[in-house]
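In: Sequence first, then the predicted structure, then my questions.
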Amino acid sequence: MPLHQYQVVGRKSPTETEPSPQIFRMRIFAPNEVTAQSRFWYFLHQYKKMKRSTGQILSVNEIREPNTNIVRNYGITIRYNSRSGTHNMYKEFRATDVCKAVSQMYQDMAGRHRARFSTIHIVDAAIVPAGVKASKRYNPLTDGDAPAAVQRPIVKQFLNSKIKFPLAHRIARPAEKKFRHTFAARRPTTYFS
């Protein structure tokens, strides 16, 4: 089930002693609104003495990316519980929107660390710029090339503007239907220099 990004706003239920309680807002990644509300109360209960029965949800809105046609670099800060303890971690991914980057992160954590969905808490998920905007201390006169804010080598390798990918196995297709045939006398040439 694909993940969606929700903004959940809630507060403690108003009482006579506290008519206007403090409002809390969270960005939650969940498959649906019901799960997003459940995760909201789960996280809020860890910080404040509040729970679902003593609070109320003011709004649940899905946050959508304005443009999903551009590949961006995303940095995700997480905290997860393993068999030995609690760990903080920072990971970077390339995706067209933040929900896909978070889905990649969950798959990566399951594969590398055997971490389950329920044990991973996303602290922050943000776009990581690549180029001059990345560093505030960059001086073009004294420093050489502009540093990228991207730290992980698996993402850095894609920042080259002259990147090339080999086309290893290409089969020439017939130009028209009349040239198509089921059997051929020789094998196709798949290497073109």
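Out: Arrived safely. Everything quoted here is computed from the prediction, not taken from an experiment.

In: Using the three-state scheme, assign the most centrally placed residue in the chain.
Out: Residue closest to the average C-alpha location in the chain (C-alpha atoms, centre = their mean): A101, at 2.3 Å. For A101, the assignment made with DSSP: H, G, I helix; E, B strand; the rest coil gives helix.

In: And it, what's its pLDDT?
Out: Confidence per residue is given as pLDDT, and for A101 that number is 97.

In: what's the answer for D143, then?
Out: D143 carries a pLDDT value of 60.

In: Over to K48?
Out: Looking at K48, its pLDDT reads 92.

In: Next up, the contacts around it.
Out: With contacts taken as C-beta atoms under 8 Å, 6 or more residues apart in numbering, K48 has the following neighbours: 12, 24. All C-beta atoms are positioned from the backbone trio N, CA, C, and that covers glycine.

In: related to what we said a few turns ago, against Q157, how distant is the residue nearest to the centre of the chain?
Out: Computed as C-beta to C-beta, to the nearest Å, the A101 to Q157 distance reads 17 Å.

In: again with P19
Out: Taken as C-beta to C-beta, the spacing of P19 relative to Q157 amounts to 56 Å.

In: list the buried ones in the lowest-mean-pLDDT helix or strand in the chain?
Out: Within the chain, no helix or strand scores below helix 153-156, which has a mean of 88 by mean pLDDT, DSSP states H and E. Neighbour-count burial for helix 153-156, with 16 or more other C-beta atoms under 10 Å as criterion, is recorded at V155.
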